[in-house]
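[1] this one's structure only:
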């Protein structure tokens, strides 16, 4: 709680222009500082929003790349299986040919 005598002293001090102008300057400085901080906050929030958007885009690209990688791996595995079947078929043909040449 503020003492009434202190308030009276402050009010009397305001009658002096140099004290009043000093208080006004301090008030305006603090107001400017507050405005600068508010602007800085807005700038930081905009930057955060932009970074969040980039992160979202990057995550979507990562998901697409993972799906593409999975598809390529499956295609490679399928090609290996086809090659193995072809080798097995050729081996069977060679064995059959060898068997009939023996007979």
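    Arrived safely, thanks for sending. Because the structure is a prediction, the values reported are computed rather than measured. Residues are numbered from 1 along each chain as shown.
[2] for this structure, which helix is longest?
    Assignment by DSSP state H gives helix 17-102 as the longest helix of the chain.
[3] for the protein, what helix or strand is lowest in average pLDDT?
    Least confident helix or strand, the chain: helix 4-13 with a mean of 51, by mean pLDDT, DSSP states H and E.
[4] in this structure, where is pLDDT below threshold?
    Counting by pLDDT under 70, the chain contains low-confidence ranges at 1-20, 22-24, 27.
[5] centre-most residue in it?
    Centre of the chain computed as the mean C-alpha position; nearest residue by CA atoms, centre = their mean is residue 55, 3.2 Å away.
[6] give me the number of residues near residue 43?
    By other CB atoms under 10 Å, the residues close to residue 43 number 10. Quick note: C-beta positions are derived from backbone N, CA and C, even for glycine.
[7] give me the distance between it and residue 34.
    Per CB to CB, to the nearest Å, residue 43 is found 15 Å from residue 34.
[8] okay, now residue 81: neighbour count?
    For residue 81, the number of neighbouring residues by other CB under 10 Å comes to 10.
[9] who's in contact with it?
    Contact analysis of residue 81 by CB atoms under 8 Å, 6 or more residues apart in numbering lists nothing.
[10] for residue 46, see how far away it is.
    53 Å.
[11] ditto for residue 87
    61 Å.
[12] ditto for residue 93
    Residue 93 sits 70 Å away from residue 46, going by CB to CB.
[13] for stretch 56-64, the distance to its chain's centre please.
    Taking CA atoms, centre = their mean, to the nearest Å, the mean C-alpha location of stretch 56-64 is offset from the chain mean by 11 Å.
[14] alright, I will stop here.
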